[in-house]
Structures are given as C-alpha cells and as structure tokens.
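Engineer: using only what follows, build the 3D model:
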Amino acid sequence: MWQRIQTVWWLLGILFCIVILFFSYFNLSTIFILQWIFIGFASICILINLISIFLFKKRNVQKKLSLVNIILSLLAILIQVYFLDIQSLNNWIHIVGFQTILFVLNIIFQILAIKGIN
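Structural biologist: Numbers count the residues shown, from 1 in each chain. Next up, the predicted model:
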C-alpha cells in the first residue's frame, strides 16, 4: 500500500484538499454559499483519495475514483469561475485564485496517480 508512487500523489492531493478545507472554513470574505461549496468539494476529494489508497488491490476502481476526483475538482473550478462574475473583484486573486491553484494541483496529482497505477 505505501510502496507505490500513486500513494504519494494521493497523500499530496489529500494535503492540498485539507489546505482548501481550512482556507475555505476560516475565510470570511468570500460568498457564504461558495465557502460551503469549497468545503464540500474538498471533503469529498479527501474521502475519495483515502478510499483510493486503501483499495490497493483494485486498480480499476482506483482509476475510476481518480477520474471522479478530477471531475469534482474541475467542477469546483467552474463554480469558482461562475461566482467570479457575481462577486466583486476586490480580493478575488488572493481568495479564489489560491483555491483554484490548489484544485489544479489536485488534478495534477490525480493524473500522476493514474499514470502510477498503469
């Protein structure tokens, strides 16, 4: 379980999702609904990564879970872009931009994990 490289990528994905989770939870300047959407997506991504780590004998399921995680991260980014049009641009670069970068990093780690499964 711990000897394979995809486990490292999933653990890094978990780490960045935890950062998204805490950053969304303690950030009071974003839109309230957007804040809870980020918390929900980050929590689901953490759960999917943990499940993927412990399903080390079922590689096809791991690939599918990583693809679901990629889709959820892309959906979170699209929601951020949608709310960009609604909210003012005062602190957007510091708040939403940082979370977008973390979701993009999560996508990169999921792709690397899929490559490691093959």
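Engineer: where are the low-confidence patches of the chain?
Structural biologist: For the chain, the stretches flagged by pLDDT under 70 are 1-3, 24-31, 83-97.
Engineer: longest helix anywhere in it?
Structural biologist: helix 59-86 (DSSP state H).
Engineer: got the buried residues for it?
Structural biologist: By 16 or more other C-beta atoms under 10 Å, the buried positions in helix 59-86 come out as 62-63, 65-66, 69-70, 72-73, 76-77, 79-80, 83. For every residue, glycine as well, the C-beta is placed using N, CA and C.
Engineer: C-terminal to it, what's the next element?
Structural biologist: Using DSSP states H and E, the helix or strand that directly follows helix 59-86 along the chain is helix 92-117.
Engineer: what's that following helix packed up against?
Structural biologist: Judged by 3 or more C-beta pairs under 8 Å, 6 or more residues apart in numbering; DSSP states H and E, helix 92-117 is in contact with helix 5-26, helix 32-54, helix 59-86.
Engineer: now those helices as CSV including distance to Lys115?
Structural biologist: Shown next, in CSV, are these (distance: least, C-beta to C-beta, whole Å):
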stretch, distance to Lys115
helix 5-26, 8
helix 32-54, 14
helix 59-86, 10
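Engineer: of the ones you listed, which approaches Phe109 most closely?
Structural biologist: For the helices and strands packed on helix 92-117, the distance to Phe109 is smallest for helix 5-26, at 4.2 Å, taking C-beta to C-beta.
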